[in-house]
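Chemist: sequence first, predicted coordinates after that:
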Amino acid sequence: MPVMRSVLVTGALGQIGSELVTALRKRHGSDRVIASDIREPAAGVGSVEGPFERVDCTHIREIENVVRRYDVGTIYHLGALLSAVAEEKPRVAWEVNMGGLYRTLEVARQEGSAVFFPSSIGAFGPSTPRQRAPQETLQRPTTMYGVTKVASELLCDYYHSRFGLDTRGLRLPGLISYGAPPGGGTTDYAVEIFYQAIRYRHYTCFLRSDSRLEMMYMPDAIRAMMELMEADPNRVVHRNAYNLGAMSFCPSELAEEIRRHIPDFAIDYDVDPVRQAIADSWPESMDDAAARYEWDWKPRYDLGAMTRDMLEHLAVRLQQRG
Ligand code: AKB
């Protein structure tokens, strides 16, 4: 029987990476999944019980060394800047998001590894239909984050058609989780609100009350990434990248849902013009029919189920932290 090649996760200490590493280690065994990040892990971080390597993805030798040393067959390349930070530092965003992906693809080409990369709802812009943005549609984003996401989709397509590389990606919506916090995204409000609701029964939101966006609970997103990478290659047509959806809501609706569990929870608004402009340029929802048809994607959490689960788990976590 052939020995399974290892899996490498870049950006493993981030919001997605920390949970993806845990899920992959459950599936393939701890020593088969290499966590890597530009930062060193804090002692006692659960997701790094297993091999960890410090890797700066803008340095090709650092990726190459790890991929060769561990015989990596699949790379989940998550190391990237999110939308609001990318607007603050567009030059760094280009270097990290594009430079990191380009070098990862080059190493994957040399070593015959498959690559997953996270595109985003941010790959769309104001000229994209706002409701149920189609799988194939206009993509003219107005943010540096969006520019890097569209360019990444195209670069992954190029490596697939030109070199036969197995590249696959998802246009992720805003992700909600109680593990590692997101850093510098436009949809981060939908995570912060839970922390503030439990701690203070109050949250000041940086987006307008009616800013509707596509969202997803992290367990669904992690399952989607793993299912996509395991999907039958003959069925994977829209590989770079699939629209992915689960629920679409605005801050006032999320607050209403939280109030079902915390009746005295209050929300007010202090709109950040930068993040509001980013949100206004994105569609409110995505049509994920291609993912459903080509690799049987189906979300498990809607707004009600996600809110219940978030509040339960986060309350326990915050109590443990004291
Ligand atoms: C962000 O807000 O930047 C991300 C995303 C939707 O890509 N969460």
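Modeler: In hand now; what should we look at? Numbering: from 1, shown residues only.

Chemist: quick one, helices of the stretch 101-250 of the chain?
Modeler: Remark: helices assigned in the stretch 101-250 of the chain by DSSP state H, counting those that start in this stretch are 144-163, 189-200, 218-230.

Chemist: report the angle between the shortest one and helix 218-230.
Modeler: Regarding helix 189-200 and helix 218-230, their directions subtend 150 degrees when assessed with axes from the mean of the first three to the mean of the last three C-alpha atoms, to 10 degrees.

Chemist: avg pLDDT for helix 189-200?
Modeler: Averaging pLDDT along helix 189-200 yields 97.

Chemist: anything in it near the ligand?
Modeler: No: against the ligand, helix 189-200 shows no contacts by C-beta under 6 Å from any ligand atom, the least distance being 9.0 Å. Yep, even glycine has a C-beta here, placed from its N, CA and C like the rest.

Chemist: name all residues that make contact with the residue of the stretch 101-250 of the chain found nearest the ligand.
Modeler: For the stretch 101-250 of the chain and the ligand, the shortest gap (C-beta to the nearest ligand atom) falls at residue 185, measuring 2.8 Å. Contacts here follow C-beta atoms under 8 Å, 6 or more residues apart in numbering; on that basis residue 185 touches 82-84, 174.

Chemist: which residues of this protein lie near the ligand?
Modeler: Within the chain, the positions near the ligand by C-beta under 6 Å from any ligand atom are 82-83, 120-122, 172, 174-175, 185-187.

Chemist: how does it look with 8 Å?
Modeler: Residues of the chain found near the ligand (C-beta under 8 Å from any ligand atom) are 82-84, 86, 118, 120-122, 145, 149, 172-175, 182, 184-188, 213, 278, 282.

Chemist: still on that earlier bit, just the ones in helices from the contacts of residue 185, please.
Modeler: Among those, DSSP state H puts 83-84 in helices.

Chemist: what is the nearest of the contacts of residue 185 to residue 225?
Modeler: Using C-beta to C-beta, residue 174 comes nearest to residue 225 of these, at 15.7 Å.
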